[in-house]
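[1] the sequence and its predicted three-dimensional model are supplied below.
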Amino acid sequence: MKIKIKETVKQKKGWSLYKLAKVLNLPQQTVYSWASGRTQPSYENMDRLCETIGCSVGDLFEAEPVQQKLNLAVNQ
C-alpha cells in the first residue's frame, strides 16, 4: 500500500509537505521520506499526522481495488 500524505494534506488543509513538517515540528526530510514511501511513520507519528490533517488512517492509504489487481494479473 502506498501512503498518500501529500495528496491528503493538500486536499484537507491546502498545505504543502513543507508546511506539514513545520506544523508537526519534524524535519522536512522525515515527512518527505514518508510521502515517497522510503520510510513509514511510527504509530505515534501516524496518530499526530491524522490528528493534524483531520483524517483517518484509512484516508492516508491507497488501496488498489481487487478487480483492478485481477485485471492486471490476467493481462500480464
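    Okay, I see it. Numbers count the residues shown, from 1 in each chain.
[2] wait, Lys13 touches Leu49, no?
    No: assessed by Cβ atoms under 8 Å, Lys13 is found out of contact with Leu49, at 11.4 Å. (Glycine included, C-beta is placed from N, CA and C.)
[3] who has more neighbours out of those two?
    Leu49 (23 against 15; other Cβ atoms under 10 Å).
[4] can you give me the strands in this structure?
    For the chain, the strands defined by DSSP state E occupy 2-3, 61-62.
[5] most packed of the ones you listed?
    strand 2-3 (a mean of 16; mean count of other Cβ atoms under 10 Å).
[6] for that one, name the packing helices and strands.
    strand 61-62 (3 or more Cβ pairs under 8 Å, 6 or more residues apart in numbering; DSSP states H and E).
[7] could you pull up the mean pLDDT of the strand it packs on?
    Averaged across strand 61-62, pLDDT comes to 74.
[8] just stretch 46-56 next, same as before
    pLDDT averaged over stretch 46-56 gives 95.
[9] among the strands of the chain, which comes closest to Ala35?
    Evaluated with Cβ to Cβ, the strands of the chain place strand 2-3 nearest to Ala35, the distance being 7.1 Å.
[10] centre of the chain to that closest one, how far?
    5 Å (Cα atoms, centre = their mean, to the nearest Å).
[11] other residues contacting it?
    When contacts are defined by Cβ atoms under 8 Å, 6 or more residues apart in numbering, strand 2-3 is touched by residues Trp34, Ala35, Gly37, Gln40, Pro41, Leu60, Phe61, Glu62.
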